[in-house]
Structures are given as C-alpha cells and as structure tokens.
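Trainee: What follows is a predicted structure for the sequence shown.
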Amino acid sequence: MYQRILVPVDDSETSHRALDEAIKFANDQHAQVRLISVVDLAQFSWGGTEFLDTSDLQSSLREAGHRTLADAQDRLRKQGIEAETGLIETWGGRIANLIVEDATRWQAHIIVMGTHGWSGLDHLILGSVAEGVVRITQIPILLIRTHH
C-alpha cells in the first residue's frame, strides 16, 4: 500500500516521533524510505549580520542538516531499513513547497512528518510547515504530534 515513504526530519522530539512511526510503516509494508532535511541558508543573509561570517554560519547549517540525516538514517539502519537521504537548501523559499516538490518528484506514496500542534499566537508567529504541506499536497500525509 505505502511502498515509498518520505520523511522530512529535523532534530526535534516531534521529528523523532514521526521517524518512529515511519519505521513501523516501512517494516510493515517493506517500503522504501527517503529522508529529507531542509536548511534555509537565507536566515543569516539579511541585515544585522555585517559583523558575522555568514558563510561559516551557512556551513554550520549544512553540517547540522547532514548530521540530522545521518542520525535518522542510522536509526533506520538499526531496524534493518536502508534509506536514501537528501539535503535541500533554500534561500528563503517556503519549506512546505520544497517538501511537497521532493515528495512528488520521488513519487512518494505517503509523507510522514511531525507537527508541533501550535495554536494561537505561537502558530501566528511561527507558522506551521506541516500545515503548509497538508494544504498543498495531493499525497497522503500522516502527521505526528509531540507530547505537551
């Protein structure tokens, strides 16, 4: 049923919980898994950074993204699941769009991702990548909420 599972990962508790659910799906369905992490390199390129070495900061973001992917891939490997990985870099693009584009290009059957379940002012200020994905994807999506 779900033979191709796309899992966007970061280093949050919610992401770890979503990865655990993806592992269950992958084992049950003998599915392929693709792990992606999105890094926004533009966050250090706008104003107020004239005294910072933005190239070092951006390199650090890339390294953190690769480390997150390697850790997630290792968790899958320990469960007998091989996964491909992809680091997606953006310069201020909508992360939700990038996730859906990657899922579509890879022909994912389902997207498994975490959501923080923010509401009110937190949601207004921080937004929700998961909500953005739900709004634009035609691919089934399983959202995993964090414990509060």
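Mentor: Right, received. Where do you want to start? Numbers count the residues shown, from 1 in each chain.
Trainee: following the lowest-mean-pLDDT helix or strand in the chain, which helix or strand shows up next?
Mentor: Least confident helix or strand of the chain, by mean pLDDT, DSSP states H and E, is helix 120-126 with a mean of 43. The C-terminal neighbour of helix 120-126 among helices and strands, as given by DSSP states H and E, is helix 129-136.
Trainee: Between helix 129-136 and whatever helix or strand comes next after that following helix, find me the angle.
Mentor: Next in sequence after helix 129-136, counting helices and strands by DSSP H and E, comes strand 141-145. Orientation note: strand 141-145 sits at an angle of 160 degrees relative to helix 129-136 (axes from the mean of the first three to the mean of the last three CA atoms, to 10 degrees).
Trainee: what residues does strand 141-145 touch?
Mentor: Strand 141-145 is contacted by residues 14, 17-18, 21, 25, 110-117, 130, 133-134 when judged by CB atoms under 8 Å, 6 or more residues apart in numbering. Using the backbone N, CA and C atoms, a C-beta is placed for each residue, glycine as well.
Trainee: Could you export it as CSV, CA atoms only?
Mentor: The C-alpha atoms that make up strand 141-145 are tabulated as CSV, following Å, rounded to 0.1, in the frame of the first residue of the first chain:
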residue,chain,number,x,y,z
ILE,A,141,0.1,12.5,4.9
LEU,A,142,0.5,11.2,8.4
LEU,A,143,1.1,13.9,11.0
ILE,A,144,2.5,13.0,14.3
ARG,A,145,2.1,15.5,17.2
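Trainee: Listing partners with orientation, what would you give for that strand?
Mentor: strand 110-115 (parallel) (DSSP bridges).
Trainee: Of the contacts of strand 141-145, just the buried ones, PyMOL syntax please.
Mentor: PyMOL command restricting these to the buried ones, with burial defined by 16 or more other CB atoms under 10 Å:
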select buried, resi 14+18+21+25+110+111+112+113+114+115+116+117+130+133+134
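Trainee: Which single one of the contacts of strand 141-145 is nearest to Arg77?
Mentor: Minimum distance to Arg77 across the contacts of strand 141-145 is 16.3 Å, recorded for Phe25 (CB to CB).
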